[in-house]
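In: Next come a sequence and a model predicted from it.
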Amino acid sequence: MRRIVVVGASAAGLAAAETLRREGYDGTLTLVGDEPLAPYDRPPLSKQLLSGEWEPERLALRTPGDLAGLDLDLRLGVAAAGLRLADRTVELADGSTVPYDGLILATGVRPRRLPGAGGHVLRTLDDAMRLRDRLTPGKRLVVVGAGFLGAEAAAVAWRLGCEVTLLEPAPVPLAHAVGSEVGEVLTRAHLDRGVDLRCGVTVTEVTGNGVRLADGELVEADEVLIAIGSVPNTDWLAAGGLTVGDGVVCDEYCEAARNVYAAGDVARWYNPLFGLPMRIEHRTNAAEQGMAAARNLLHPDARKSFAPVPYFWSDQYDMKIQAYGYLRGHDEVAVVEGELAEGRFVAAYRRGEKVTGALAVGMPPKAIRQWRQAIATGADWDGAAVPSHSRAEAVPGGAPA
Amino acid sequence: MKVELEADKCVASGQCVLAAMDVFDQDDEGIAVLLDEQPADEHLDGVREAVAICPAAAIRLVDQ
Ligand SMILES: Cc1cc2nc3c(=O)[nH]c(=O)nc-3n(C[C@H](O)[C@H](O)[C@H](O)COP(=O)(O)OP(=O)(O)OC[C@H]3O[C@@H](n4cnc5c(N)ncnc54)[C@H](O)[C@@H]3O)c2cc1C
Ligand code: SF4
């Protein structure tokens, strides 16, 4: 293999490129990214960058020297516009083409938007800088969507002295992901601080001076942040011959077609640990999957299936939330350490007979480690020392109660 | 080779500990602690893994 192209110059693409070099690949390595900036990190965008604690320089994923050491054919500020699978060629938006023997797709996701004019989204450094300039004390901010991203931004805006309204269509924020009891605990953090959280409301439109709800009400705001999920960046692959359906569809090796792999937020692969296809928008997964895809591309005879325990964290107010495994679609949640009411706890998640997830708030790492291990080994729920009094809820099929 | 850790970037994910237990630990808050600034060669692969996997890009391995 003499020519490898990586499309998407962020966490997953960078991890793939670095792994290829670490594993001894010394051919041409092209890294294509549509953003003009060298790879930078996204999680701080809604945390330290938005709050003004960090300046953009701190988000650089690598030093210029580290990047130079990778000896890349780096094409920044130009999008990949098409894939010709049969010719093994990537077409770029500037009209040039790049041939490949191996290809790694790491184009991530973009935010979903709402009809109407204006409103911020929060995905790029530009987005975050623009929003940060507007979040001055006394400003009225409406955040549409109380998922992790919206909740983090609401927390920062509150700390900056803004008047924050958080609008959520579900009855309990995050209930579909973490269960309703845990969702309520995480929600309380907003209510305690006077954030105006309104659940069960649907926003239909962003207007010049706020947002319009389905029942016709106008919620006025100086600034609107739309945080209602994201869409995989696969449009440019539409005619390329790959299977695309909520992400680039891959097998358990992260392979989408011969010598074409995908990694990070854009990849929908089969995770054998859970026996499920999944697409994961977590920072750690982007790096791990980039590494796994690169190794499998480079060593076709020694491929390993990609079977991680997903890991996610979120910082809101003074809460540090950490989650392991796959929480969605759980059958049962149990508090296995600490107390929900105190906001310091570990909750374990069951799907079928297995321990499939754990979520911790404000707990030391050692308290969580055994649960990560239980998920990694596919431990049986009944054998995993779940205290019987701790079964906080039984939600059939994981549907919000 | 020398390991550098920017502890104020650390998000307490513990990935470094999983990758190189002899070199990294976590305090009670989960923040990474460097046990060995100049790890022996046998630990370097683990450290390189930690550098690559750290979700906060808080670890570097530098030539001296
Ligand atoms: C504000 C924010 C906060 C977050 N906080 C957390 C957190 O606390 N914890 C956590 O675990 N995760 C968090 N995440 C998620 C995490 O950042 C992502 O999972 C991770 O960035 C995914 O990396 P990626 O490389 O797969 O995709 P991306 O980071 O989306 O990178 C893809 C890159 O490809 C580029 N691209 C797209 N299309 C093309 C094309 N056609 N040609 C060329 N380039 C293209 C994109 O512009 C982008 O630069 C957060 C994300 C955001 C936005
Ligand atoms: S891997 Fe990085 S973020 Fe995680 S504990 Fe170690 S230094 Fe901190």
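Out: Received it, and whenever you're ready, just let me know what you need. Ligands and ions are numbered 1, 2, ... in the order given.
In: mind listing the helices for the chain?
Out: Answering for chain A, as no chain was given. Taking DSSP state H as the criterion, chain A carries its helices at A:11-22, A:48-51, A:64-68, A:125-134, A:148-159, A:175-178, A:180-192, A:283-298, A:365-376.
In: that's the wrong chain, I wanted chain B
Out: Here chain B has its helices, by DSSP H, at B:15-19, B:44-53.
In: so does the longest one get close to chain A?
Out: Yes. If you take C-beta under 8 Å from any C-beta of the partner chain as the test, helix B:44-53 does meet chain A, through B:48, B:52-53. From N, CA and C alone the C-beta is placed, and that goes for glycine too.
In: could you check the distance from residue A:282 over to residue A:190?
Out: Distance, residue A:282 to residue A:190, using C-beta to C-beta, to the nearest Å: 22 Å.
In: and if you look at residue A:252?
Out: Spatial separation of residue A:252 from residue A:190 under the definition C-beta to C-beta is 39 Å.
In: quick one: which of the two has more around it?
Out: Neighbours per residue, other C-beta atoms under 10 Å in any protein chain shown: of residue A:252 and residue A:190, the larger number sits with residue A:190, 22 against 17.
In: Could you find the closest non-adjacent residue to the more buried one?
Out: The shortest distance from residue A:190 to any non-neighbouring residue, by C-beta to C-beta, 6 or more residues apart in numbering or on different chains, is to residue A:197 (4.9 Å).
In: got a list of what the one you found touches?
Out: Applying C-beta atoms under 8 Å, 6 or more residues apart in numbering or on different chains, we find residue A:197 in contact with A:146, A:165-166, A:168, A:173, A:187, A:190-191.
In: let's go with 10 Å and repeat that
Out: Residues in contact with residue A:197 (C-beta atoms under 10 Å, 6 or more residues apart in numbering or on different chains) are A:143, A:146, A:151, A:154, A:164-168, A:173, A:187-191.
In: now do residue B:55
Out: Taking C-beta under 10 Å, 6+ apart, we find residue B:55 in contact with A:11, A:41, A:43, A:282-288, A:311-313, B:9-13, B:15.
In: same check, this time on residue A:85
Out: Contacts for residue A:85 were tallied using C-beta under 10 Å, 6+ apart; they are A:103, A:237, A:239-242, A:256-258, A:260.
In: Now the buried members of the residues you listed.
Out: A:103, A:237, A:240, A:242, A:256-257, A:260 (16 or more other C-beta atoms under 10 Å in any protein chain shown).
In: pLDDT-wise, what's the bottom of the residues you listed?
Out: Looking at these by pLDDT, the weakest one is residue A:240, with 82.
In: So it is in contact with residue A:7, correct?
Out: No. Residue A:240 is beyond contact range of residue A:7, at 11.2 Å (criterion: C-beta atoms under 10 Å).
In: any common contacting residues for these two?
Out: A:80, A:83, A:90, A:105.
In: So of those residues, which two are at opposite extremes in space?
Out: Maximum pairwise distance among those (C-beta to C-beta): 9.6 Å, between A:90 and A:105.
In: more neighbours, those two?
Out: Taking residue A:90 and residue A:105 together and counting by other C-beta under 10 Å, residue A:105 has the greater number of neighbours (35 against 24).
In: gap between that one and residue A:292?
Out: Applying C-beta to C-beta, the value for residue A:105 to residue A:292 is 14 Å.
In: Need the residues touching each of the two.
Out: What both residue A:105 and residue A:292 touch, as defined by C-beta under 10 Å, 6+ apart, is the set A:16, A:254, A:261, A:263.
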